[in-house]
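# sharing a model that was predicted from the sequence below.
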Amino acid sequence: MLSRVQIRISGAVQGVGFRPFIYKLASLMNLKGWVLNSPQGVTIDAEGKREILEKFIIKIENEKPAISFIQILEFKYLDPVGYDKFEIRKSETGGEPDAILLPDIATCPDCLKDVFDADNRRYLYPFTNCTNCGPRYTIIDSLPYDRSRTSMKNFIMCDDCRREYENPTDRRFHAQPNACSKCGPEVELLDNKGGKICEKQDAIPEVIKAISQGKIAAIKGLGGFHLVCDARSDKAVNLLRQRKFREEKPFALMFPGLNEIKEVCYVSALEERSLLSPQAPIVLLRKRESENLISKFVALNNPYLGVMLPYTPLHHIIMNGLKIPIVATSGNLSDEPICTDNREALEKLSGIADIFLVHNRPILRYVDDSIVTINLNNEILYRRSRGYAPFPIIINTAQSFYKENSNQYLSVGAHLKNTIALYKNRNIYLSQHIGDLDTPESYKAFKNTIEDLKQMYNINPEEVICDMHPDYISAKYAKDFVIPSFQVQHHVAHIFSCIVENQISPPLLGVAWDGTGYGTDGTIWGGEFFLVKDKTIKRFANLRTFTLPGGEIAIKEISRTAIGLLYEIYREKLFSTDTFKKIVPAHLKDIKLLKNILSNKINSPVTSSAGRLFDAVASILNIRQKVNFEGQAAMELEFLTEGIDSEREYIYTIEYDDSNNRFIVNWEPIIHQILSEISNKISLNSISAKFHNTLAEIITDIALKSGEEKILLSGGCFQNRYLLRNTVNKLEKKNLKAYYQSRIPPNDGGIAAGQIFYRLSGYSSIK
C-alpha cells in the first residue's frame, strides 16, 4: 500500500550536497516525490511503501553528507498524491526564514568530543557550543539573532573565540553563544541559603558528590532548573516527593547513556532515534520486567518511565561523573512555571533542594523538557517545548477551505496544558508549553509569553481567539483585550488542530474525546463526534450524559464520578445496591447529602465526557477512588491492557439512540456487563481490554454511520496508546482513513493551533 511522508529538516543542510544526497538515496530506494531548499531548511516529500519510507528516514540521519548537520528532522505521514518520479525542485524563496529563531538544540557530537578531550581548550567547559548546537530560543532577546541581542551580550569573546566566530570555515562561525572558560559563563555551587560553597571547575565535582550521597540538587540548565537526585535511592526519591508535595505523578529520569537506558527499558529503533535526536526529548519507555535498578517511587503503578539523555555539556559532565540515572524533574513549585532565575530558584526551591548549581548566563524564557511517545510507528508529542518550539506550523494553502489573508491573530489556548499561538503569513507560531493557568505565577508567564512572541515575530494581532468557557483564565484575558475577541468551542479546536497538522480538507468526521470542554449548550462535553462539511459543523453524535455530584471535586474524587454515572442508571435505588457500598470510600460518609445533591441537581453539572467515563470505570473496578494528577485513573486503566492480545478480546454490547437527529452512544449496557464480570471474578486486565476495544468499536460504528471516509482523532483520550492503536486499526480494516496528531499535541497543548485554523477556515458555528 502506497504511503507518503513529508520531512522538514533544518540545520547545516544547504550548500553541503544535501539535495543530491536525498535524490540519490530516494532513487536507490525507488521512492517518488521531490526535495527542495526552503527558507526553513530542506523539505522532502516522498511516496513509497511505509516500511521503505521508515528506512529512508533512518538512512537520511545515518548516511547524510559528512559536512552536513541535522538540527531538527520532523516528519509527518500524509495522504499519497501519486508522484511519478523523484526530482530536485526549484528552491522556495517565499516566507520569512525561521532559521534565525531555532529551538534549543542538544549538544552535537563534535562539541561533545571537545568537552571530553583533555587537550582541547574547552575540556570540561559546561557551556561549549557551535553553530550546530546549543541554546537559541532561551537566550534570544530580540531579532535579528545577533550576540548583542542575546543573554550572551555581556560576555566579551576572547581572542581565540573571536577568531572562531569570524572564520567562515570554522563550525563556530557566527555561533552567537560561542564562549570558553576564559570569556564565557561559569557555574558556582550554593547552599540552600545562597551561600557560596565553591565555583568554576570545583563546583561540578562537588554537586556530583552531593547527589551520590543522597542529597537533592537544584541544577540550572538550558530552559530552567531541574530538581535532581539519585534515581536508584528510595530514600532520596521519596524525600523529593515529600518536599515537592508531589504524591504520585511520575518523575522524569536522565541516564548517562543509551546503554544504561537499555538495561532498564525496552528501546525500539524509533525510540532510540528520539532519544538521540537533536531535540533530546523525554521519551516514554516500557520498563523491563526484571528492572529493579530504579526506585519504585519514581513512577508508582506505572509500567513506563519518562527517560532522556544529557542534552547540554553541563548535563554530560555531571552524568559522566555520576555514572548513574538521576531524577531530573522540573524545578518549580506545584502549578507554577519552572524557575529560571538564580534568586527566584533560591526563594522558591530552598525548602526542596539541599544545594544549588547555578550559572551566570541569563535564561530569557523558560522552556520545559518536551515529552514524546512512539505509537503506530510515529513519534507523538505530548508536550511540545524544548527542541520543538517555536518552530512554526506552516499552513498548506492547497487545503480547499483555507482562506489566506493578511490578518494577524493571537490565540490563547485552553486552561490546562496551555500554549498560545500567533498567526502571520501562513505560519502558526505555537509557543512552548506554558502549563496549567491555576496560579498568579502561571498567569504571569502566560501574559509574558504572549508579549514575548508578539515582539519576536513583529506580530500585532487584529483579533484574539479564545475558548468558549466563561471561567477559563485565558478566555477572560481575551475578553479584556483591547482588540476584538472570537470564541471557538473547545472540541472543535481539537479537531481543527488535527486538520491543520494532517493537511486535509473536509468532508470528514472529527472525534474529540477528552476530560472537559465547555459545550454550546452549557454542559460539559468530552465524548464528541462532529461532521465537518459544506461549511457547517454538526454535532453528529456524543456519549450519553451523566452528572458529576459536587462538580469540580468529582474530577479528583472519581468515586463521585462513578456514583453520578450509576445514578443515571439506577436513580434512587442506587444507594441500596452492593455496587454503591463497594465504591463509596470512607471519606464519603454523608450519604444523605450525596443523595440530596444528585436528586436535586445541586452543583451537579452534566457531562458527555469520555475522560470522565474512563474515571468512572476505573472507580467501579476499584483501581482507585481518588486521583492525584490529571488522567491518573485512565492511565492505570490503560496499563491493565499491557500484554493483552487485542485481536482476541471481545467487546461489550453497545446501544445507540438516534431519535433526536443525533446519535447518542448509550454506555449503560457496557456498565451492566462490567458489573456482571466483576461479580464473576473476570480479571481486571480482561475487563479493561474489553472496555477499550468497545470504545474503539463505538468510534468505528459512528464513523460508518457518518458515511465519511476521513476520520480524525483528537483530544487527551487519544494519548491512550491502546485506544489510539486499536481505533486506527479498526477504522483501517473498514477501509476508512484514520488521522491523528503527532507534531501538535493531541491534548490541550494543541488547542491554540486549532483555534487559529478554525478562525481561518470560514466555518460557521456548531449545529
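Noted; the coordinates are in hand.
# where in the stretch 551-700 of the chain is pLDDT low?
583-590, 646-649 (pLDDT under 70).
# what segments of it are helices?
Applying DSSP state H, counting those that start in this stretch to the stretch 551-700 of the chain gives helices spanning 553-556, 558-570, 578-583, 591-599, 610-620, 632-639, 668-679, 684-706.
# which secondary structure element of the chain has the lowest mean pLDDT?
Within the chain, no helix or strand scores below helix 578-583, which has a mean of 72 by mean pLDDT, DSSP states H and E.
# elements contacting that one?
If contacts are counted by 3 or more Cβ pairs under 8 Å, 6 or more residues apart in numbering; DSSP states H and E, helix 578-583 sits against helix 558-570, helix 610-620. All C-beta atoms are positioned from the backbone trio N, CA, C, and that covers glycine.
# please identify the most buried of these.
Mean neighbours per residue, mean count of other Cβ atoms under 10 Å, is largest over the helices and strands packed on helix 578-583 for helix 610-620, with a mean of 27.
# what's in contact with that one?
513-516, 524, 526-527, 543, 546, 548, 554-555, 558-559, 561-562, 564-566, 579, 583, 624-625, 627, 631, 633-634, 636-637, 667, 671, 674-675, 678, 691, 695, 715-717 (Cβ atoms under 8 Å, 6 or more residues apart in numbering).
# now, of those, which are buried?
Among those, those classed as buried by 16 or more other Cβ atoms under 10 Å are 513-516, 524, 526-527, 543, 546, 548, 554-555, 558-559, 561-562, 564-566, 579, 583, 624-625, 627, 631, 633-634, 636-637, 667, 671, 674-675, 678, 691, 695, 715-717.
# how about a markdown table for the helices of the stretch 551-700 of the chain, with distance to residue 494 added?
Listed next are the helices of the stretch 551-700 of the chain as a markdown table, based on distance: least, Cβ to Cβ, whole Å:
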| stretch | distance to residue 494 |
| --- | --- |
| helix 553-556 | 19 |
| helix 558-570 | 21 |
| helix 578-583 | 31 |
| helix 591-599 | 30 |
| helix 610-620 | 12 |
| helix 632-639 | 17 |
| helix 668-679 | 24 |
| helix 684-706 | 14 |
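# for residue 539, find the nearest of these.
Among the helices of the stretch 551-700 of the chain, the nearest to residue 539 by Cβ to Cβ is helix 684-706 (11.8 Å).
# please identify the helix or strand for residue 283.
Assigning secondary structure by DSSP states H and E places residue 283 in strand 282-286.
# what's the answer for residue 315, then?
Using DSSP H and E, residue 315 falls in helix 313-322.
# how about low-confidence regions in the protein?
12, 14-16, 39-40, 67, 92-101, 397, 399-400, 402-404, 583-590, 646-649.
# per-domain residue ranges of it.
2-94, 187-359, 391-505+749-761 (automatic domain parsing).
# between those, which gets nearest to residue 737?
domain 2-94 (7.2 Å).
# and that closest one, how far from the chain's centre?
Chain-centre distance of domain 2-94: 25 Å, with Cα atoms, centre = their mean, to the nearest Å.
# okay, strands next: where are they in the stretch 51-200 of the chain?
69-78, 86-88, 187-191, 196-199 (DSSP state E, counting those that start in this stretch).
# mean neighbour count and distance to residue 162 added to these, as CSV?
Below are these laid out as CSV (neighbours: other Cβ atoms under 10 Å; distance: least, Cβ to Cβ, whole Å):
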stretch, mean neighbour count, distance to residue 162
strand 69-78, 20, 22
strand 86-88, 17, 38
strand 187-191, 20, 23
strand 196-199, 14, 25
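# do you know which of those lies nearest residue 32?
Checked against Cβ to Cβ, the stretch from these lying closest is strand 86-88, at 5.4 Å.
# contacts for the closest one next, please.
For strand 86-88, contacts defined as Cβ under 8 Å, 6+ apart pick out 19-20, 23, 26-27, 31-36, 46.
# cutoff 6 Å now
Contact with strand 86-88 is made by 19, 23, 26-27, 31-35, as judged by Cβ atoms under 6 Å, 6 or more residues apart in numbering.
# stretch 733-753 now?
Contacts for stretch 733-753 (Cβ under 6 Å, 6+ apart): 76, 378, 380-382, 384, 393, 411, 413-414, 416-417, 419-421, 428, 430, 493, 497-498, 501-502, 703, 709-714, 716, 718, 728, 731.
# just the endpoints, please. Distance across it?
With Cα to Cα, to the nearest Å applied, stretch 733-753 spans 31 Å between its terminal residues.
# dihedrals phi and psi, residue 546?
Phi and psi for residue 546, reported as degrees, to the nearest 10, are phi -150, psi 170.
# what do you get for residue 378?
phi -130, psi 150.
# what's the neighbour count on it?
19 (other Cβ atoms under 10 Å).
# likewise for the one 10 residues further on?
Using other Cβ under 10 Å as the criterion, residue 388 is surrounded by 25 other residues.
# measure it to residue 463 for me?
Distance, residue 388 to residue 463, by Cβ to Cβ, to the nearest Å: 26 Å.
# same question, residue 577
53 Å.
# which of those two has more neighbours?
Remark: of residue 577 and residue 463, residue 463 carries more neighbours, 18 against 14, as counted by other Cβ under 10 Å.
# wait, what's in contact with the more buried one?
Counting by Cβ under 6 Å, 6+ apart, residue 463 touches 409, 483-484, 486.
# tell me the buried residues within these.
By 16+ other Cβ under 10 Å, the contacts of residue 463 give residue 409 as buried.
# need the contacts of residue 463 in TSV with distance to residue 258 and secondary structure, can you?
Formatted as TSV, the contacts of residue 463 follow (distance: Cβ to Cβ, whole Å; DSSP: H, G, I helix; E, B strand; the rest coil):
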residue	distance to residue 258	secondary structure
409	42	strand
483	49	coil
484	51	coil
486	47	strand
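# would JSON lines of the contacts of residue 463 with distance to residue 115 be doable?
Shown next, in JSON lines, are these (distance: Cβ to Cβ, whole Å):
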{"residue": "409", "distance to residue 115": "43"}
{"residue": "483", "distance to residue 115": "48"}
{"residue": "484", "distance to residue 115": "52"}
{"residue": "486", "distance to residue 115": "50"}
